[in-house]
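Peer 1: A structural model of the following input is requested.
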Amino acid sequence: MFGVRRSLGIVSNAALRRSQSIESIHVKAGMEIPDDKPLRFALQYIDGIGRSRANQVLAELHLGNKLAKDLTKRELVILGDEISKYMVGHELNSCVKKDIARLQEIQCHRGIRHGQGLPCRGQRTKTNARTMKSKQIVVAGKKKASR
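Peer 2: Down below sits the predicted model:
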């Protein structure tokens, strides 16, 4: 039990949860989407789902331009089942890490570039790729030169 501002009494935690909207909706374990956005934008908060995949999922489920908080429990379950067909979230990240580790193990050009922290798709490194080549070291107390 705790007090709530602008209220006359004390409200329990359960009653407060019912009265306020939940900040995010759990579609599946590890996947949260914000509830104050339309579904086609809210689905893009899940790793591995972009603009086209979100539109594809909504077209298959015949879900219109709804807000995420307006979904029923049944629609949430159906949406979770549809998303589980794709590789998303932690599963996608672990797959990418395994692929990079395989490239480094066989010592191919891309694997060597990944190991060195350099761009591996043919970008130039003479003038660009500063973030890949070295991390910027911040010196405490040093100001930038003013012009």
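Peer 1: helices or strands up against the helix ranked longest in the chain?
Peer 2: Counting by DSSP state H, the longest helix found in the chain is helix 90-105. Contact here means 3 or more CB pairs under 8 Å, 6 or more residues apart in numbering; DSSP states H and E; on that basis helix 90-105 packs against helix 109-116. (C-beta placed from N, C-alpha, C; glycine too.)
Peer 1: Just list what the helix it packs on packs against, helices and strands only.
Peer 2: Packing partners of helix 109-116 (3+ CB pairs under 8 Å, 6+ apart): helix 90-105.
Peer 1: now the angle from the helix it packs on to helix 109-116?
Peer 2: Computed by axes from the mean of the first three to the mean of the last three CA atoms, to 10 degrees, the angle separating helix 90-105 from helix 109-116 equals 100 degrees.
Peer 1: pLDDT of helix 90-105, averaged?
Peer 2: For helix 90-105, mean pLDDT rounds to 95.
Peer 1: returning to that earlier point: give me the contact list for the longest helix of the chain.
Peer 2: Helix 90-105 has contacts (CB atoms under 8 Å, 6 or more residues apart in numbering) with 30, 47, 48, 87, 110, 111, 112, 114, 115.
Peer 1: How about stretch 60-72?
Peer 2: Residues from elsewhere that reach stretch 60-72 (CB under 8 Å, 6+ apart): 21-22, 25, 33-40, 42, 58, 75, 78-79, 82.
Peer 1: Counting only helices, which of the residues you listed make the cut?
Peer 2: Using DSSP H, 39, 40, 42, 58, 75, 78, 79, 82 are the members of the contacts of stretch 60-72 that sit in helices.
Peer 1: Only the buried subset of these, as a PyMOL command please.
Peer 2: Applying 16 or more other CB atoms under 10 Å to those, the buried members can be selected in PyMOL as follows:
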select buried, resi 39+40+42+58+79+82
